[in-house]
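Trainee: Next one to model:
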Amino acid sequence: MTKLIDLLFWTIGFIGLAAALAISVSPITPVSAAELRLLPSIVVEDNVVTLADLFGDVERAGETIVSRAPAPGKRMNISVAYLRRLMRDQGLDWMPLRGLKRITVSRSGRRISAFEIESLILDALADEVAGTSLSISMANRNKMFFVAKDAAAGLEIENLNFDARTGRFVASLVAAIGTPDEVRAEFSGRAVETVELPVLSRSLKRGEIIGDDDIEWLAWQAKRIPRDAVTDVADIVGMAAKRSLRPGVPVRERDVQEPVIVAKGASVSLVYRTEFMVLTAGGKALEDGAMGSIIRVLNSQSKIVVEARVDGGNILSVTNTTFLVMN
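Mentor: Residues are numbered from 1 along each chain as shown. Here you go, the predicted structure:
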(Lines give C-alpha, C1' and ligand atoms only; values in the text may rest on other atoms or scores of the structure.)
Protein backbone atom coordinates (compact mmCIF):
# COMPACT_ATOMS: atom_id res chain seq x y z
CA MET A 1 0.00 0.00 0.00
CA THR A 2 2.86 2.33 0.88
CA LYS A 3 4.54 1.63 -2.46
CA LEU A 4 1.28 2.42 -4.29
CA ILE A 5 0.98 5.79 -2.55
CA ASP A 6 4.63 6.61 -3.30
CA LEU A 7 4.08 5.71 -6.96
CA LEU A 8 1.00 7.97 -7.10
CA PHE A 9 2.85 10.98 -5.65
CA TRP A 10 5.81 10.34 -7.98
CA THR A 11 3.48 10.29 -11.00
CA ILE A 12 1.76 13.53 -9.99
CA GLY A 13 5.10 15.22 -9.43
CA PHE A 14 6.36 14.11 -12.83
CA ILE A 15 3.29 15.49 -14.59
CA GLY A 16 3.65 18.82 -12.76
CA LEU A 17 7.32 19.05 -13.64
CA ALA A 18 6.61 18.27 -17.29
CA ALA A 19 3.94 20.96 -17.40
CA ALA A 20 6.30 23.46 -15.85
CA LEU A 21 9.01 22.63 -18.35
CA ALA A 22 6.53 22.93 -21.25
CA ILE A 23 5.58 26.40 -20.13
CA SER A 24 9.18 27.49 -19.75
CA VAL A 25 10.19 26.46 -23.27
CA SER A 26 7.13 27.84 -25.04
CA PRO A 27 7.80 31.14 -26.94
CA ILE A 28 4.84 32.80 -25.24
CA THR A 29 1.93 31.88 -23.00
CA PRO A 30 -0.63 30.21 -25.30
CA VAL A 31 -3.71 32.25 -26.07
CA SER A 32 -6.99 30.41 -26.38
CA ALA A 33 -8.63 30.12 -29.77
CA ALA A 34 -11.64 32.03 -28.49
CA GLU A 35 -9.45 35.08 -27.88
CA LEU A 36 -8.08 35.16 -31.44
CA ARG A 37 -10.46 36.89 -33.82
CA LEU A 38 -9.36 37.22 -37.45
CA LEU A 39 -11.25 39.64 -39.65
CA PRO A 40 -11.68 38.76 -43.34
CA SER A 41 -10.60 42.29 -44.40
CA ILE A 42 -7.86 44.36 -42.75
CA VAL A 43 -6.28 47.77 -43.43
CA VAL A 44 -2.65 48.49 -42.48
CA GLU A 45 -0.54 51.65 -42.66
CA ASP A 46 3.04 50.31 -42.42
CA ASN A 47 4.98 48.57 -45.18
CA VAL A 48 4.79 45.19 -43.41
CA VAL A 49 1.93 43.07 -42.05
CA THR A 50 2.39 41.62 -38.57
CA LEU A 51 0.44 39.13 -36.48
CA ALA A 52 -0.68 42.04 -34.31
CA ASP A 53 -2.26 43.66 -37.39
CA LEU A 54 -4.27 40.51 -37.99
CA PHE A 55 -5.10 39.30 -34.47
CA GLY A 56 -4.62 42.25 -32.16
CA ASP A 57 -2.78 41.64 -28.86
CA VAL A 58 -0.89 38.35 -29.06
CA GLU A 59 1.92 39.48 -26.78
CA ARG A 60 5.46 39.11 -28.13
CA ALA A 61 4.22 37.16 -31.15
CA GLY A 62 2.53 40.32 -32.43
CA GLU A 63 5.88 41.57 -33.75
CA THR A 64 6.16 38.59 -36.08
CA ILE A 65 6.14 39.74 -39.71
CA VAL A 66 3.62 37.88 -41.80
CA SER A 67 4.29 39.53 -45.15
CA ARG A 68 5.35 42.72 -46.85
CA ALA A 69 2.34 45.02 -47.14
CA PRO A 70 0.95 45.93 -50.57
CA ALA A 71 1.75 49.30 -52.10
CA PRO A 72 -0.29 52.25 -50.74
CA GLY A 73 -3.83 52.13 -52.09
CA LYS A 74 -3.42 48.48 -53.18
CA ARG A 75 -4.57 45.18 -51.66
CA MET A 76 -3.35 41.59 -51.40
CA ASN A 77 -4.57 38.19 -50.17
CA ILE A 78 -2.94 36.10 -47.44
CA SER A 79 -3.59 32.37 -47.22
CA VAL A 80 -5.28 31.26 -43.99
CA ALA A 81 -3.40 27.95 -44.17
CA TYR A 82 -0.12 29.87 -44.13
CA LEU A 83 -1.33 31.90 -41.14
CA ARG A 84 -2.22 28.75 -39.23
CA ARG A 85 1.28 27.34 -39.71
CA LEU A 86 2.81 30.64 -38.62
CA MET A 87 0.63 30.78 -35.51
CA ARG A 88 1.53 27.19 -34.63
CA ASP A 89 5.24 28.06 -34.91
CA GLN A 90 4.60 30.80 -32.36
CA GLY A 91 2.91 28.40 -29.96
CA LEU A 92 -0.55 29.79 -30.55
CA ASP A 93 -3.40 27.32 -30.78
CA TRP A 94 -5.62 28.97 -33.41
CA MET A 95 -8.26 27.51 -35.64
CA PRO A 96 -9.79 29.62 -38.44
CA LEU A 97 -13.50 29.85 -39.02
CA ARG A 98 -14.86 27.12 -41.24
CA GLY A 99 -14.77 28.07 -44.93
CA LEU A 100 -12.28 30.94 -44.47
CA LYS A 101 -9.56 30.39 -47.08
CA ARG A 102 -7.87 33.77 -47.33
CA ILE A 103 -8.02 37.29 -45.94
CA THR A 104 -7.65 40.59 -47.77
CA VAL A 105 -5.11 43.14 -46.57
CA SER A 106 -5.36 46.71 -47.87
CA ARG A 107 -2.76 49.44 -47.47
CA SER A 108 -3.96 52.92 -46.59
CA GLY A 109 -2.35 55.91 -48.21
CA ARG A 110 -2.71 59.46 -49.48
CA ARG A 111 -4.04 59.83 -52.99
CA ILE A 112 -2.08 62.27 -55.12
CA SER A 113 -4.65 64.56 -56.69
CA ALA A 114 -5.07 65.09 -60.41
CA PHE A 115 -4.37 68.79 -59.78
CA GLU A 116 -0.92 68.00 -58.34
CA ILE A 117 -0.10 65.74 -61.29
CA GLU A 118 -1.33 68.19 -63.94
CA SER A 119 0.52 71.11 -62.33
CA LEU A 120 3.78 69.15 -62.30
CA ILE A 121 3.39 68.10 -65.95
CA LEU A 122 2.48 71.65 -67.01
CA ASP A 123 5.58 73.05 -65.32
CA ALA A 124 7.73 70.51 -67.15
CA LEU A 125 6.07 71.21 -70.51
CA ALA A 126 6.62 74.96 -70.03
CA ASP A 127 10.35 74.29 -70.41
CA GLU A 128 9.66 72.52 -73.72
CA VAL A 129 7.62 75.38 -75.23
CA ALA A 130 8.92 78.54 -73.58
CA GLY A 131 6.78 81.63 -74.04
CA THR A 132 3.57 79.71 -74.75
CA SER A 133 0.72 79.16 -72.32
CA LEU A 134 -0.55 75.59 -72.26
CA SER A 135 -3.39 73.56 -70.83
CA ILE A 136 -3.48 69.78 -70.73
CA SER A 137 -6.11 67.08 -70.85
CA MET A 138 -5.03 63.72 -69.44
CA ALA A 139 -6.23 60.46 -70.92
CA ASN A 140 -6.13 58.74 -67.51
CA ARG A 141 -7.02 61.62 -65.18
CA ASN A 142 -8.92 59.34 -62.78
CA LYS A 143 -6.05 56.89 -62.39
CA MET A 144 -5.39 56.10 -58.72
CA PHE A 145 -1.91 57.14 -57.54
CA PHE A 146 -1.21 56.67 -53.82
CA VAL A 147 1.74 57.24 -51.48
CA ALA A 148 2.13 56.21 -47.86
CA LYS A 149 0.41 58.56 -45.42
CA ASP A 150 3.70 59.54 -43.78
CA ALA A 151 5.75 59.66 -47.00
CA ALA A 152 8.08 62.67 -46.80
CA ALA A 153 9.56 62.63 -50.29
CA GLY A 154 7.73 64.60 -52.95
CA LEU A 155 6.47 63.95 -56.46
CA GLU A 156 8.81 64.21 -59.46
CA ILE A 157 8.82 63.56 -63.19
CA GLU A 158 11.25 60.79 -64.01
CA ASN A 159 10.78 60.94 -67.77
CA LEU A 160 8.76 63.10 -70.19
CA ASN A 161 8.16 62.53 -73.91
CA PHE A 162 6.44 65.37 -75.76
CA ASP A 163 5.52 65.75 -79.44
CA ALA A 164 5.25 69.50 -80.11
CA ARG A 165 3.52 68.88 -83.46
CA THR A 166 0.60 66.88 -82.08
CA GLY A 167 0.76 68.05 -78.47
CA ARG A 168 0.81 64.45 -77.22
CA PHE A 169 2.84 63.64 -74.08
CA VAL A 170 3.70 60.66 -71.88
CA ALA A 171 5.03 61.42 -68.39
CA SER A 172 6.52 58.91 -65.94
CA LEU A 173 6.07 60.10 -62.35
CA VAL A 174 7.73 58.83 -59.18
CA ALA A 175 6.72 59.57 -55.59
CA ALA A 176 8.33 58.91 -52.19
CA ILE A 177 11.74 58.73 -53.86
CA GLY A 178 14.40 56.86 -51.89
CA THR A 179 11.94 55.38 -49.40
CA PRO A 180 10.70 51.77 -49.08
CA ASP A 181 7.37 52.98 -50.44
CA GLU A 182 8.73 54.50 -53.65
CA VAL A 183 5.99 54.24 -56.27
CA ARG A 184 5.74 55.01 -59.99
CA ALA A 185 2.91 55.73 -62.42
CA GLU A 186 2.60 56.79 -66.06
CA PHE A 187 0.23 59.44 -67.37
CA SER A 188 -0.50 60.48 -70.93
CA GLY A 189 -2.54 63.17 -72.61
CA ARG A 190 -2.47 66.17 -74.89
CA ALA A 191 -1.23 69.73 -74.39
CA VAL A 192 -2.72 72.67 -76.28
CA GLU A 193 -1.79 76.34 -76.53
CA THR A 194 -4.11 78.63 -74.60
CA VAL A 195 -4.92 82.34 -74.53
CA GLU A 196 -6.45 84.25 -71.63
CA LEU A 197 -9.74 85.81 -72.73
CA PRO A 198 -12.23 88.08 -70.95
CA VAL A 199 -15.55 86.24 -70.73
CA LEU A 200 -18.84 86.87 -68.97
CA SER A 201 -19.22 85.52 -65.44
CA ARG A 202 -23.03 85.46 -65.68
CA SER A 203 -25.79 85.26 -68.25
CA LEU A 204 -26.90 88.60 -69.74
CA LYS A 205 -30.17 89.49 -71.38
CA ARG A 206 -30.46 91.61 -74.50
CA GLY A 207 -29.81 95.27 -73.70
CA GLU A 208 -28.07 94.69 -70.35
CA ILE A 209 -24.95 96.77 -69.77
CA ILE A 210 -21.73 94.86 -69.09
CA GLY A 211 -19.92 95.98 -65.94
CA ASP A 212 -16.49 95.23 -64.44
CA ASP A 213 -18.03 92.65 -62.09
CA ASP A 214 -19.47 90.76 -65.06
CA ILE A 215 -16.01 89.87 -66.42
CA GLU A 216 -13.68 87.00 -65.58
CA TRP A 217 -10.59 85.67 -67.35
CA LEU A 218 -10.41 82.14 -68.68
CA ALA A 219 -7.75 80.18 -70.55
CA TRP A 220 -9.15 79.25 -73.94
CA GLN A 221 -7.65 76.93 -76.54
CA ALA A 222 -6.01 79.15 -79.15
CA LYS A 223 -7.29 77.06 -82.06
CA ARG A 224 -10.87 77.31 -80.82
CA ILE A 225 -11.02 81.09 -80.40
CA PRO A 226 -13.38 82.74 -82.95
CA ARG A 227 -11.70 85.23 -85.26
CA ASP A 228 -13.93 88.08 -84.06
CA ALA A 229 -13.54 87.28 -80.34
CA VAL A 230 -12.98 90.32 -78.14
CA THR A 231 -9.57 90.08 -76.44
CA ASP A 232 -9.46 93.49 -74.73
CA VAL A 233 -11.70 93.94 -71.71
CA ALA A 234 -12.01 97.65 -72.53
CA ASP A 235 -13.98 96.64 -75.62
CA ILE A 236 -16.60 94.89 -73.47
CA VAL A 237 -17.11 96.86 -70.28
CA GLY A 238 -19.76 99.53 -70.72
CA MET A 239 -21.20 97.87 -73.81
CA ALA A 240 -24.71 96.44 -74.10
CA ALA A 241 -25.61 92.89 -75.06
CA LYS A 242 -27.17 92.71 -78.53
CA ARG A 243 -28.77 89.39 -77.60
CA SER A 244 -28.82 86.96 -74.69
CA LEU A 245 -25.24 85.98 -73.86
CA ARG A 246 -23.92 82.92 -72.02
CA PRO A 247 -21.12 82.99 -69.45
CA GLY A 248 -17.74 81.31 -69.89
CA VAL A 249 -17.49 81.61 -73.69
CA PRO A 250 -15.65 84.13 -75.88
CA VAL A 251 -17.57 87.33 -76.54
CA ARG A 252 -17.68 88.22 -80.25
CA GLU A 253 -17.62 91.75 -81.61
CA ARG A 254 -21.08 91.21 -83.06
CA ASP A 255 -22.45 90.28 -79.60
CA VAL A 256 -22.17 93.77 -78.12
CA GLN A 257 -23.01 97.33 -79.03
CA GLU A 258 -23.08 100.76 -77.51
CA PRO A 259 -25.94 101.08 -75.00
CA VAL A 260 -29.26 102.12 -76.55
CA ILE A 261 -30.11 105.74 -75.69
CA VAL A 262 -33.14 106.00 -77.95
CA ALA A 263 -35.38 102.97 -78.25
CA LYS A 264 -37.25 102.06 -81.41
CA GLY A 265 -40.72 103.64 -81.37
CA ALA A 266 -39.76 106.34 -78.86
CA SER A 267 -40.92 109.92 -79.31
CA VAL A 268 -37.94 112.20 -79.96
CA SER A 269 -37.15 115.86 -80.63
CA LEU A 270 -35.55 116.63 -83.99
CA VAL A 271 -33.28 119.66 -84.16
CA TYR A 272 -31.87 121.28 -87.26
CA ARG A 273 -29.20 123.95 -86.65
CA THR A 274 -27.53 126.41 -88.97
CA GLU A 275 -25.59 129.56 -88.37
CA PHE A 276 -28.76 131.59 -88.71
CA MET A 277 -31.56 129.44 -87.33
CA VAL A 278 -32.69 126.50 -85.22
CA LEU A 279 -35.66 124.39 -86.30
CA THR A 280 -37.31 121.74 -84.15
CA ALA A 281 -39.95 119.13 -84.74
CA GLY A 282 -41.31 116.04 -83.14
CA GLY A 283 -40.51 112.60 -84.48
CA LYS A 284 -40.65 108.87 -83.91
CA ALA A 285 -37.53 106.68 -83.81
CA LEU A 286 -37.71 103.88 -86.35
CA GLU A 287 -34.79 101.97 -84.82
CA ASP A 288 -32.69 101.80 -81.67
CA GLY A 289 -29.94 104.34 -81.34
CA ALA A 290 -26.78 104.50 -79.22
CA MET A 291 -24.98 107.69 -78.28
CA GLY A 292 -23.56 109.28 -81.44
CA SER A 293 -25.17 106.78 -83.80
CA ILE A 294 -27.23 107.81 -86.86
CA ILE A 295 -30.76 106.38 -86.97
CA ARG A 296 -33.87 106.81 -89.09
CA VAL A 297 -36.63 108.99 -87.65
CA LEU A 298 -40.11 109.74 -88.94
CA ASN A 299 -40.83 113.50 -88.92
CA SER A 300 -44.23 113.70 -87.24
CA GLN A 301 -45.20 116.85 -89.18
CA SER A 302 -43.95 116.15 -92.70
CA LYS A 303 -44.20 112.33 -92.46
CA ILE A 304 -40.79 112.24 -94.09
CA VAL A 305 -38.13 109.84 -92.84
CA VAL A 306 -34.90 111.62 -92.00
CA GLU A 307 -31.57 110.52 -90.60
CA ALA A 308 -30.54 112.00 -87.28
CA ARG A 309 -27.70 111.65 -84.81
CA VAL A 310 -28.40 110.68 -81.19
CA ASP A 311 -26.99 113.47 -79.00
CA GLY A 312 -28.31 112.30 -75.65
CA GLY A 313 -31.69 111.82 -74.08
CA ASN A 314 -34.37 112.01 -76.78
CA ILE A 315 -32.73 114.84 -78.69
CA LEU A 316 -31.48 114.06 -82.19
CA SER A 317 -29.66 116.33 -84.59
CA VAL A 318 -30.70 116.38 -88.24
CA THR A 319 -27.85 116.89 -90.66
CA ASN A 320 -29.58 117.00 -94.03
CA THR A 321 -31.87 119.60 -95.55
CA THR A 322 -34.70 117.14 -96.01
CA PHE A 323 -35.79 118.23 -92.56
CA LEU A 324 -36.70 121.67 -94.01
CA VAL A 325 -39.58 120.10 -95.85
CA MET A 326 -42.21 120.45 -93.18
CA ASN A 327 -45.38 119.83 -95.27
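Trainee: Name the helix or strand of this structure that has the lowest mean pLDDT.
Mentor: helix 2-25 (a mean of 40; mean pLDDT, DSSP states H and E).
Trainee: Report the strands that pair with the next helix or strand after that helix, each with its relative direction.
Mentor: Moving toward the C-terminus from helix 2-25, the next helix or strand (DSSP states H and E) is strand 41-44. Strand 41-44 has these partner strands in its sheet, going by DSSP bridges: strand 102-107 (parallel).
Trainee: Make sure I have this right: residue 54 is in a helix.
Mentor: Yes: remark: residue 54 belongs to a helix, assigned using DSSP: H, G, I helix; E, B strand; the rest coil.
Trainee: which residues in the stretch 51-200 of the chain form helices?
Mentor: 51-55, 80-89, 114-128 (DSSP state H, counting those that start in this stretch).
Trainee: Need phi/psi at residue 253.
Mentor: The phi and psi values for residue 253, taken as degrees, to the nearest 10, are phi -60, psi -30.
Trainee: mind checking how far the residue nearest to it when sequence neighbours are not counted is from residue 251?
Mentor: In this structure, residue 253 finds its nearest non-sequential neighbour in residue 228, 4.6 Å apart by CB to CB, 6 or more residues apart in numbering. C-beta here means a position set from N, CA and C on the backbone, and glycine is covered the same way. Residue 228 sits 10 Å away from residue 251, going by CB to CB, to the nearest Å.
Trainee: And residue 239, by the same measure?
Mentor: 9 Å.
Trainee: Residue 133 too?
Mentor: Counting by CB to CB, the gap from residue 133 to residue 251 is 20 Å.
Trainee: the more surrounded of those two?
Mentor: residue 251 (26 against 14; other CB atoms under 10 Å).
Trainee: Got phi/psi on the nearest residue to that one once chain neighbours are set aside?
Mentor: Excluding its sequence neighbours, the residue lying closest to residue 251 (CB to CB, 6+ apart) is residue 230, at 4.8 Å. Main-chain dihedrals, residue 230, degrees, to the nearest 10: phi -80, psi 130.
Trainee: For residue 230, grab the count of nearby residues.
Mentor: Using other CB under 10 Å, residue 230 is surrounded by 20 other residues.
Trainee: so who does it touch?
Mentor: By CB atoms under 8 Å, 6 or more residues apart in numbering, the contact list for residue 230 reads 197-198, 236, 250-253, 256.
Trainee: neighbour-wise, which of the residues you listed leads?
Mentor: Within the contacts of residue 230, most neighbours by other CB under 10 Å means residue 251, with 26 neighbours.
Trainee: residues contacting that one?
Mentor: Each residue near residue 251 by CB under 8 Å, 6+ apart is listed here: 198-200, 229-230, 236, 245.
Trainee: now it: how far from residue 207?
Mentor: Distance check for residue 251 against residue 207: by CB to CB, it reads 15 Å.
Trainee: now residue 297
Mentor: To residue 207, residue 297 is 20 Å away according to CB to CB.
Trainee: Stretch 62-79: which residues count as buried?
Mentor: Across stretch 62-79, burial judged by 16 or more other CB atoms under 10 Å covers 62, 64, 66-67, 69-73, 76, 78.
Trainee: actually stretch 208-218, not the one I wrote
Mentor: Buried residues in stretch 208-218 (16+ other CB under 10 Å): 208, 210, 214-215.
Trainee: Residues contacting it, please?
Mentor: Contacts of stretch 208-218 (CB under 8 Å, 6+ apart): 196-202, 204, 233, 236-241, 248, 256, 259.
Trainee: ends of that stretch, how far apart?
Mentor: 22 Å (CA to CA, to the nearest Å).
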